[in-house]
Structures are given as structure tokens and as C-alpha cells.
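# coords below, sequence missing:
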């Protein structure tokens, strides 16, 4: 069984300040972990993925995430928020061997103030 | 190449009815996955088809079914609609069975409203 908990439903930051979106997971097997972003009225876009290589994963648009097995966490960070980062972010786990059977977190809405 | 196409884009039905949604994958893609997105439950995996066979299925009741045709187009069907089935239904295609989201291309979705 696998599950994902996104600890904050909304995160509000000022432009230029750091972003932290928190994600905890549970998995019976070695998980693959992902972060997606969904802008209003747009489709899902993959930000980054972890698949048992380096624990610090760099993604697009300056985002990165660190896999911490001992804490079962995969938090998403960015050093400096831009207005264009305002969107819904989803943490996803898949732990079914070669098949991709994802379980999504409920999402975190990132609000960026000028 | 044209992207993933979903039809219709919007649909209104009443409780008890059934509905069929269609997804045309990117040309050459043979795998289609379906997802449901609701405010309450978030995004949930419904099922995945490859070469006309259902490979994986999420935790949904039997009212939700799907199929894939020889041209890789896929349909999903929901019978005996309930209010809670109101959602955005997303389809994603990939060349082969997906091993991760980096090989999936999402369509714009079909917004289903059940009254």
C-alpha cells in the first residue's frame, strides 16, 4: 500500500522569498516520487522525479526536492519565488515495480504575493 | 504532432444516467491512462490501457469502466451516475506503458457535472 500526505493545503509567500512545500509518503516498497505542477486551466506538468538515484533532485524552473528515507519525506523547495510560480502542486508516489500506478497528494496551492 | 484530445470538454448529466468520455492519444502512442480530479479527493488514478488491454486499475467501483480500441483511442464509461462523480476526468497518453509521469502527456480534461 502507498499513500501521500501534503502537509499544507495552502502556502503563501512573497515574491523573492523561499518556497517550501511539504510532502510525506508511505510505501511498502522502494518508492518513486514525483512533483507535478498544475497552473489554472492548464494540464499537469512534471517538475521533478526521484527514482532511487541521487537523493537531491533538481527540477525545472529552479525547483528541487530532497528524498529523506528516515523521515519518509520529499519536500519541494525553491530559493526565490516568482509570481509565475503561483499554482497547485501535487506530490505523487508510485511503488509498483515497473508499473506506474500513482497515488497523488491532495495538492498544495502556492500563493505568491508581490 | 497534435496533442491528446478529449471529447467532450464539458458535460452535464443527471443522477442515474450513464456517460461515455473519449480520449484520442498522440499519434503513435499506445498507452492511455485515466484520472479523476475532484476538490474533495484530489487526483486519483482510474485505469491504464495498453494495446487494448487494461494493465492497471485504481480503487474505483465497478461503475467505472473503460476500453481501448485498435487505433489506441480510449473511452471510459460511468454508469448510474452519482453526484460525487462530478469531476474533471483527465486522460494521459504515452508511447509505451508508463514507468513514470515523464513519459505521459495529459489532455485538457472533460469536466463532468452530475445534477
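Nice, I can see it. Predicted model only: the values in this text are computed from it and were never measured.
# Residue B:18 contacts residue B:76, correct?
No. Using Cβ atoms under 8 Å as the test, residue B:18 is too far from residue B:76 to be in contact (11.1 Å). The C-beta positions use only the backbone N, C-alpha and C, and glycine is treated the same way.
# Compare these two (neighbour count), which wins?
Neighbours were tallied for residue B:18 and for residue B:76 using other Cβ atoms under 10 Å in any protein chain shown; the higher tally belongs to residue B:76 (23 against 11).
# ok, that one - contacts?
B:20, B:21, B:23, B:34, B:46, B:47, B:64, B:65, B:66, B:89 (Cβ atoms under 8 Å, 6 or more residues apart in numbering or on different chains).
# what's the closest of those residues to chain A?
Checking the contacts of residue B:76 against chain A with Cβ to the nearest Cβ, the nearest one is residue B:47 at 9.8 Å.
# which SSE is the closest one in?
strand B:42-50 (DSSP states H and E).
# same deal with residue B:15?
Using DSSP H and E, residue B:15 maps to neither a helix nor a strand.
# Now do the closest residue to residue A:19 other than its chain neighbours against residue A:20, distance only.
Sequence neighbours aside, residue A:78 is the residue nearest to residue A:19 in space, at 4.2 Å (criterion: Cβ to Cβ, 6 or more residues apart in numbering or on different chains). According to Cβ to Cβ, to the nearest Å, residue A:78 and residue A:20 sit 8 Å apart.
# Confirm for me that the residue nearest to residue A:19 is in contact with residue A:85.
Yes. The pair residue A:78 / residue A:85 is scored as a contact, 6.9 Å apart, by Cβ under 8 Å.
# Can you work out which residues contact both of those two?
Taking Cβ under 8 Å, 6+ apart as the contact rule, residue A:78 and residue A:85 both touch A:19, A:61.
# ranges for the strands of the chain?
With no chain named, the answer covers chain A. A:2-6, A:10-14, A:19-21, A:23-27, A:32-38, A:44-50, A:56-58, A:64-68, A:73-78, A:87-94, A:103-104, A:108-113 (DSSP state E).
# my bad, chain B
Taking DSSP E to define them, one finds strands in chain B at B:5-7, B:10-13, B:19-24, B:31-38, B:42-50, B:53-57, B:64-68, B:74-78, B:87-94, B:105-106, B:110-114.
# what about residue 69, neighbour count?
Using chain A. Neighbours of residue A:69 (other Cβ under 10 Å): 10.
# Wait, chain B was what I had in mind.
Residue B:69, neighbours per other Cβ under 10 Å, totals 11.
# quick one: it and residue A:109, what's the gap?
For residue B:69 relative to residue A:109 (Cβ to Cβ), the value is 37 Å.
# so where's the chain shaky on pLDDT?
As the question left the chain open, I've gone with chain A. By pLDDT under 70, the weakly predicted segments of chain A are A:96-98.
# Chain B, not that one
Within chain B, the stretches with pLDDT under 70 are B:1.
# got the residues of it near chain A?
Within chain B, the positions near chain A by Cβ under 8 Å from any Cβ of the partner chain are B:41-45, B:48, B:55-56, B:58, B:90, B:92, B:97-102, B:104, B:106-109.
# if we go to 7 Å?
For chain B, the contact set with chain A under Cβ under 7 Å from any Cβ of the partner chain comprises B:42-45, B:55-56, B:97-102, B:106, B:108.
# gap between the closest residue to residue A:12 other than its chain neighbours and residue A:11?
Excluding the flanking residues, the one nearest residue A:12 by Cβ to Cβ, 6+ apart is residue A:111, at 4.4 Å. From residue A:111 across to residue A:11, the span is 7 Å (Cβ to Cβ).
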